[in-house]
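In: show me the folded form of this:
(chains A and B)
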Number of protein chains: 2
Amino acid sequence: MIFDQLISRSVITDIIPFSLLATAEEETAQADGSLILASVLLSLVAIYIASKIGGELCSRINLPPVLGELVGGVVIGVSVLGLLVFPETGATAEDSLIMTFLEKTTDLEPGTAEAVFEAQGEVITILSELGVVILLFEIGLESDLKELLRVGPQAAAVAVTGVIAPFVGGTAGLYYGFGVPAIPAVFAGAALTATSIGITAKVLAELGRLNSKEGQIIIGAAVIDDVLGIIVLAVVASLIKTGNIEVSNIIYLVVSAGAFLVGTILVGRFISPFLVGMVNEMKTRGELLLTSLVFAFALAYIATAINLEAILGAFAAGLVLAETEKRKELEEQVVPVADILVPVFFVCVGARTDLGVLNPTVPSNREGLILAAFLIVVAIIGKIIAGFTIFGRPDINKLAIGVGMIPRGEVGLVFAGVGSASGALSPATEAAIIVMVILTTFVAPPFLRVVLPEAAETEAETSKQEG
Amino acid sequence: MIFDQLISRSVITDIIPFSLLATAEEETAQADGSLILASVLLSLVAIYIASKIGGELCSRINLPPVLGELVGGVVIGVSVLGLLVFPETGATAEDSLIMTFLEKTTDLEPGTAEAVFEAQGEVITILSELGVVILLFEIGLESDLKELLRVGPQAAAVAVTGVIAPFVGGTAGLYYGFGVPAIPAVFAGAALTATSIGITAKVLAELGRLNSKEGQIIIGAAVIDDVLGIIVLAVVASLIKTGNIEVSNIIYLVVSAGAFLVGTILVGRFISPFLVGMVNEMKTRGELLLTSLVFAFALAYIATAINLEAILGAFAAGLVLAETEKRKELEEQVVPVADILVPVFFVCVGARTDLGVLNPTVPSNREGLILAAFLIVVAIIGKIIAGFTIFGRPDINKLAIGVGMIPRGEVGLVFAGVGSASGALSPATEAAIIVMVILTTFVAPPFLRVVLPEAAETEAETSKQEG
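Out: The predicted structure follows:
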C-alpha cells in the first residue's frame, strides 16, 4: 500500500519526510499509487479465474484449453462483462467493472480513477507481452533442431506446402474475391499458416498415435511450420510497420529474419557452453532461470532493435538453450513462469475481441462472418493439400497427415493479437481469424479420430497415462 | 514490436486498418508502444545481471545473497551507473542510461523518450511490488503454524523481547537522542525488529547446528518474529498513512491486523480443502499455482481495501496454503516465480538508494552515518537481551540465541523499501537502515561461529552436503 505511492505520476523532486502527508493534492497522488497495485491484483484475479474456468471447460469437452482461455477472455472483456477493458480502445474508467468495484471498496475517487485505469492497462498490456515472449521462449525450448532435421524431406514438403497453400489461397481470395486491402489480406493469410504443435501433439497422444509414422511426420512438419510461421509473422509485422510491400523489402526481411535466427543459433552455440559453465559455477537461487532469461530478453531486445519481433529473439534463445544439457531442468523452471504470464496474453486477446461484429442480425457484420467461413475452408483445404505432397510412401495415410495439421493454435492467436493491436486488421477480419482458430481446433480432433483410427489398446493406455 | 503499439497513451477510439500508418503523429505513438516493451526487457536484463553478480559475490564471501542483490541495485541505480533510475525521484529520461542506449540503438526519439521512460518506471515498479507480494507469499508458505506453536514459551519470549527491545530502544533513542521526528523514528525502530529466517537458518546449517536446542529456539523465535514484524510493518505503514499516532488508532490497527491474520487463517482453513479439492479436479496446466495466486492476490486486495498491506494478505494466504497437502508441490512451483520477481524488488530498493548521503566528507551526511552506528548498536544489543529472557534452562547457550537473532534480512529491507517509497524516511534514515541490515548480517555469521562452536564433524558434514 505504502511503498507504491511513488508510482504516482507527479514528480517528487526531493523526498522529504512527511511530504506525502502534507497536502491534500499529494494525498490524491498517494491513493493513486497504492491503488494501481490493487487494480493490477484484481485484474490478475479476473484473468486467472477466466483462464481456468475456460480452460477446464474446454478440456472437459476434449478441446484445447487455450481456446477456453480465449473464450474466458471474451467473457470478461469488452464483449460481455466489461471487467477487463483497455484504455487504447477508447474505453474510460467508467467502462471498467474493476474500476467501478475499486471505487466502491477503496478510497479511489472518480478524479483519480482515470489515471489508475490507464496505468493498470499499461501494466497488464506489458505483462501480456512478456507472456508471449515467455511462450515463444518455451516453444523454442521444446523444439528440437535435430528432430527438425531428422524428419527430413517428407516433413519439410508437408510444412512448406502447408504454409504456402493456405497463405496464397487466403491472401489471394481475400484480396481478389472479397476486396480486402493488401496488408490485412496478407496478415489474414499469414494467420492461416502455422499448425499448433501443442494441440496437434495432444490430439495424437489421445489417439495413441504420437509415435506412428503419420504422427512423426505431423509433429516434424508442425515444428518446421512453427518456425516458418514465426518468420512469416516477422515479415508480415515488419511489412505493416513500413507500410508497403516491396520485393526488396520482403527479401531484406526474409534474409534478416533468417540471418537472425541462423546467426543467433550459430553464435548461441558458442555462447551456450559458456552460459552453462557459468550456471554450474553459480551457487545462488534461480541461477539457471535468470541466466537463461537474461539471454532470452537480450535476444528479444536485439530482434526489436533490428526491426524484427521480440518474440523471434525469445524463440531463438529457446532453440539455442534446448541444445544444452540444462534443457530439461530449464523447461521445468519455465513452466510456472509461463503458467502465470501466458494466460494473461490469451485472456487479453479474448478480452480485446469485440464479438459484437459477429452478430448476424446487424447487416454490416455479415462481412466478418463470410470472411470467417472463407478462412475456415481455406485453412482446412490448404493443410489437406499439404498432406498429399508426401511422395514415394504409399503406406502412409496422407489424409490423416493433412487433418492432423489443421488445428491452428497459439501462433494463430498471436497473429490475431498482433494484428488487432497494430490496427492492421479490421474488427471483422480479426474476429474472422479468431473464429477460424477456434473452429479449426474444434473440427480437427473428431475428424482426425475418423481418418486415423485409435491405436491398439496398450499403446492408447500408455498415452492416456502420460496425458 | 507491433502488437504493443496500443500501449501508446493516445486514445484510438476506432480501430481502422492502416490508421496507425496514416499519420506521422500516430507513428510516434506506435514507436512509443513497441519501445516500452524493449525498455522493460533491457531493464530486466540489467536487474537480473546485477542481482546475480551481487548475489554470487556475496555467497562466495559467505554472506547472504540478498545483500548482493541490494548492492547490485546500488551499483546500477542512481548512486553509481544510473542504468535503473525512477521518474518519481525527479530523474528524467536523460538521467537513464537505458534510455540513452535505446535512443542510440532504436528509433526512439528524444520527444517520446520521456513517455517511454515514465511507462517503463511504472511497469518496473509494479513488477517489484508483485515481487514483495510473492516473497511474502513464499515466506508464509515456508512458515509452519504448528511449529510456531510447538516451540512454545521459550521461543515466544525471545521473539517478543527481540521485537520490543530494539523497537523501543531504536525509536526512543532516535526521537529523544537524535531529534528524529516521531514517524520516521517509529519506522526505523520497526525496521530493527524482524530477524531474517533465511539468513539465520543458513548460518545455523553451515555450523551444523540447525537441530540443536539453541537452533530450534532461534528458528522458532525467528518465525514468530517474522509474523510480529509483519504486523509491526502493517501498523507502522498505516500510521504513516493516517499521519498520526493515536492509541485508539494503534489499537484499531493491531486488532485489525491481528483479526485479518487470524480471520483469514480460520476462514482459510474452511476454504482451503475446497481449493485443494478443486485443484485436484482440474486437468489443465498451472491449476495449483493459478488457483493459489487467485487466493493470494484476492487476500492481498482485501488487505489493501481494509487499509492494511497487500503483502500481509499474501503472507496469510501462504500460511493457509502451507497447512494443505499441496504445500510441497506449491512451494516448488512458487520458486521460479519468486526467482524472477523477487530480485526486481531488492535491486529496485538498492537502485533507489542514494548512497551519496553516506559520504562522510559532506558535513550534512554525518547525521546518516551517526544514525547508522546507533541503529547497529541497538540492533545487536536488543537481540542479545532477547536471548537472555530464556528462563529455567541453564543448559542453553543464551548468548548464542541472541547472536543467532542478529541478522536482519528480507523484512528489514522491505521496511527500508516501504519507508523510502512512502517518503516517510529521510534519505539519511533510509540509508542508515540499509547499512544496519548489511552490517548486522555481516557481523552475525563470524560472531555466531565464536559463541556457538561448530558441531561434531559428522553433523557438520551432513549439513554441508545439504547446503
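In: strands along chain A, start to end?
Out: Assigned by DSSP state E, chain A shows no strands.
In: where is the longest helix in it?
Out: Using DSSP state H to define each element, chain A has its longest helix at helix A:24-60.
In: quick one: is it near chain B?
Out: Yes - for helix A:24-60, a contact with chain B is found by Cβ under 8 Å from any Cβ of the partner chain, at A:30, A:34-38, A:40-42, A:44-45, A:48-49, A:51-52, A:55-56, A:59-60. The C-beta positions use only the backbone N, C-alpha and C, and glycine is treated the same way.
In: list the helices and strands that helix packs on?
Out: For helix A:24-60, the packing partners by 3 or more Cβ pairs under 8 Å, 6 or more residues apart in numbering or on different chains; DSSP states H and E come out as helix A:19-22, helix A:65-76, helix A:97-105, helix A:110-142, helix A:327-352, helix B:110-142, helix B:287-305, helix B:310-322.
In: which of those helices sits closest to B:Val362?
Out: Among the helices and strands packed on helix A:24-60, the nearest to B:Val362 by Cβ to Cβ is helix A:19-22 (21.7 Å).
In: wait, doesn't A:Val75 sit right on A:Ser51?
Out: No - with contact defined as Cβ atoms under 8 Å, A:Val75 does not reach A:Ser51; the gap is 10.7 Å.
In: which of those two has more neighbours?
Out: Per other Cβ atoms under 10 Å in any protein chain shown, whichever of A:Val75 and A:Ser51 has more neighbours is A:Ser51, with 30 against 19.
In: start and end of stretch A:379-397, how far apart?
Out: With Cα to Cα, to the nearest Å as the measure, stretch A:379-397 spans 20 Å from end to end.
In: now the longest helix of chain A and helix A:65-76, what's the angle there?
Out: 140 degrees (axes from the mean of the first three to the mean of the last three Cα atoms, to 10 degrees).
In: ok, back up a step: and the helices and strands packed on helix A:24-60 as JSON lines, adding mean pLDDT and distance to A:Gly387?
Out: Shown next, in JSON lines, are the helices and strands packed on helix A:24-60 (pLDDT from 0 to 100; distance: least, Cβ to Cβ, whole Å):
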{"stretch": "helix A:19-22", "mean pLDDT": "28", "distance to A:Gly387": "66"}
{"stretch": "helix A:65-76", "mean pLDDT": "84", "distance to A:Gly387": "23"}
{"stretch": "helix A:97-105", "mean pLDDT": "88", "distance to A:Gly387": "46"}
{"stretch": "helix A:110-142", "mean pLDDT": "87", "distance to A:Gly387": "23"}
{"stretch": "helix A:327-352", "mean pLDDT": "90", "distance to A:Gly387": "28"}
{"stretch": "helix B:110-142", "mean pLDDT": "87", "distance to A:Gly387": "45"}
{"stretch": "helix B:287-305", "mean pLDDT": "92", "distance to A:Gly387": "35"}
{"stretch": "helix B:310-322", "mean pLDDT": "85", "distance to A:Gly387": "48"}
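In: TSV for these, including distance to B:Gly382?
Out: Formatted as TSV, these follow (distance: least, Cβ to Cβ, whole Å):
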stretch	distance to B:Gly382
helix A:19-22	28
helix A:65-76	50
helix A:97-105	39
helix A:110-142	39
helix A:327-352	39
helix B:110-142	22
helix B:287-305	28
helix B:310-322	23
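In: and A:Ala338, how far is that from chain B?
Out: Using Cβ to the nearest Cβ, to the nearest Å, we find A:Ala338 at a distance of 8 Å from chain B.
In: for that residue, which residues are in contact?
Out: A:Gly131, A:Ile134, A:Leu135, A:Glu138, B:Gly286 (Cβ atoms under 8 Å, 6 or more residues apart in numbering or on different chains).
In: repeat that with 7 Å
Out: Counting by Cβ atoms under 7 Å, 6 or more residues apart in numbering or on different chains, A:Ala338 makes contact with A:Ile134, A:Leu135, A:Glu138.
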